[in-house]
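In: next come a sequence and a model predicted from it.
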Amino acid sequence: MKNILYLFLFSTQFFFAQSGFENGNAFYAKGKYTEAAAAYESVLKNNQHSSELYFNLGNAYYKLNQVAPAIYNYEKALVLNPENVEAAGNLKFAQKRTIDEFKVIPKVGFAKLIQDFTGQFDYDVWGKIAIGFSFLFFTFFLVYYFSRKPLLKRVFFTGMSVAFVLLLVVLSAAFFEKKYYYSERPAIVFAEKTDVKKEPREGGKPLLAIHEGAKVYVFETIGKWKKIQLTDGTSGWIESSTIKELK
């Protein structure tokens, strides 16, 4: 009975999520961007997430000239699918509407090579690939173990060795990508304007002011303050309420 109830609840939730997504698309096609955004947001409230959903929501907010929500949702679309070319393109258009223009310090050296490689997939995808290589390794091992022909043994031993090496590479990629995912905490500034301070307290001369749509990285939280770093390497403290983290 419980299984039937869970199935019914899941089916109902899925139906309303699909209905909300389709309603959002219909509103968007008619130029009703406020209604479209509300419909897409209703899907998110049902814990249904997808790169396409965030991309469409970003488009709706872009049409409404709401820079921060547009950038935030394009970034979310890219978190779920780094290969979403349309989201990457629209993100650049949205960023042109921001006031701040901070330089981006590129990563160099071996760390960049690792991140470029592991960043091709989400760590969940790397995990699924690892499962595939595990099955492949196990299959090669069984054939090698039960085979009586020396040639087949050599062939499948080689295949088993290659599968094992690839499995280690993929597991390492999954580990590094997961570590990177949880250590890097990007956020988007939602306040129209907020001050970056030297210390997590009221008063004092601010280091600089940043505006809606700027991207920052969160490193620490103390009370209502967060220590952030800008893309140009500048660090400071801002109020937590002024930003929204992407992860």
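Out: Here it is on my side, so go on.
In: which elements pack onto the lengthiest helix in the chain?
Out: Identified as the longest helix of the chain according to DSSP state H is helix 150-183. Applying 3 or more CB pairs under 8 Å, 6 or more residues apart in numbering; DSSP states H and E, one finds that helix 150-183 contacts helix 110-118, helix 123-146. For the C-beta atoms, the positions are set from N, CA and C on the backbone; glycine is no exception.
In: same list (the ones you listed) but as TSV, adding mean pLDDT and mean neighbour count.
Out: Compiled in TSV, the helices and strands packed on helix 150-183 are given as follows (pLDDT from 0 to 100; neighbours: other CB atoms under 10 Å):
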stretch	mean pLDDT	mean neighbour count
helix 110-118	79	13
helix 123-146	91	15
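In: which residues sit against stretch 70-85?
Out: Defining contact as CB atoms under 8 Å, 6 or more residues apart in numbering, one finds that stretch 70-85 is touched by 49-52, 54-55, 57-59, 61-62, 87-88, 90-91, 94-95, 98, 119-122, 186, 188, 190, 213, 215, 244, 246-247.
In: cool, stretch 125-144 as well?
Out: By CB under 8 Å, 6+ apart, stretch 125-144 touches 118, 121, 152-153, 156-157, 159-160, 163-164, 166-167, 170-171, 173-174, 177.
In: swap the cut-off to 10 Å and go again
Out: For stretch 125-144, the external contacting residues (CB atoms under 10 Å, 6 or more residues apart in numbering) are 81, 118, 120-122, 152-178.
In: name only those of the residues you listed that count as buried.
Out: Buried subset of the contacts of stretch 125-144 (neighbour count, 16 or more other CB atoms under 10 Å): 81, 118, 121-122, 156-157, 159-160, 163-164, 166-167, 170-171, 173-174, 176-178.
In: can you give me the helices in this protein?
Out: So, for the chain - with DSSP H - the helices run 2-29, 33-45, 51-63, 67-80, 85-95, 110-118, 123-146, 150-183.
In: what's the closest of those helices to residue 224?
Out: When the helices of the chain are ranked by distance to residue 224, counting by CB to CB, first place goes to helix 67-80 at 19.3 Å.
In: just want the angle from that closest one to helix 85-95.
Out: 150 degrees (axes from the mean of the first three to the mean of the last three CA atoms, to 10 degrees).
In: quick check: mean pLDDT across stretch 54-69?
Out: The average of the pLDDT scores along stretch 54-69 is 97.
In: go through that stretch and flag the buried ones.
Out: Within stretch 54-69, the residues scored as buried using 16+ other CB under 10 Å are 54-63, 66-69.
In: closest one of these to residue 22?
Out: Closest approach between the buried residues of stretch 54-69 and residue 22, by CB to CB: residue 56, at 10.8 Å.
In: so who does that closest one touch?
Out: Residues 21, 24-25, 28, 36-37, 39-40, 43, 50, 73, 77, 87 are the ones in contact with residue 56 under the rule CB under 10 Å, 6+ apart.
In: out of those residues, grab the one that's most surrounded.
Out: By neighbour count, taken as other CB atoms under 10 Å, the most surrounded of the contacts of residue 56 turns out to be residue 73 (31 neighbours).
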